[in-house]
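> Sequence and predicted structure, then a few things I'm wondering about:
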Amino acid sequence: MATGKAHNYRQMIMLPLSLEDQLLPGSLAWAIHELVEHRVDTALFDTHYANDDTGAPAYPPKIVL
């Protein structure tokens, strides 16, 4: 499995708000977030990351999508 950068949608560092809380249920942005987080299988991307032993951690595919 590829090494990925850590991420947290609920982080409160640098911004005094949670970006996930800013998505209005029923909006296009909320629908895209739900699809990417809960419906899209990103395991296909793991074969393209070969940074387990060397290199910087990559952004997780869900963050990029």
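Received the coordinates, thanks. This is a predicted model, so every value here is computed, not measured.
> Now do the helices in this structure.
Along the chain, counting by DSSP state H, helices occupy 28-38, 43-46, 61-64.
> What is the second one packed up against?
Applying 3 or more CB pairs under 8 Å, 6 or more residues apart in numbering; DSSP states H and E, one finds that helix 43-46 makes contact with no other helix or strand. From N, CA and C alone the C-beta is placed, and that goes for glycine too.
> picking up where we left off before, could you say which one of the helices of the chain comes nearest to Leu19?
Minimum separation from Leu19 across the helices of the chain (CB to CB) falls at helix 28-38, 9.6 Å.
> mean confidence score for that closest one?
Over the span of helix 28-38, the pLDDT mean works out to 91.
> what does stretch 51-59 give?
The predicted model gives stretch 51-59 an average pLDDT of 73.
> burial of Ala58, as a residue count?
Neighbour count for Ala58, taken as other CB atoms under 10 Å: 17.
> go on, Asp46?
Residues contacting Asp46 under the criterion other CB under 10 Å number 12.
> ok, now Pro61?
The burial count assigned to Pro61 is 19, neighbours taken as other CB under 10 Å.
> try Thr42
Thr42 sits with 13 neighbouring residues when counted by other CB under 10 Å.
> Setting the sequence-adjacent residues aside, check what's closest to it.
In this structure, Thr42 finds its nearest non-sequential neighbour in Pro61, 4.0 Å apart by CB to CB, 6 or more residues apart in numbering.
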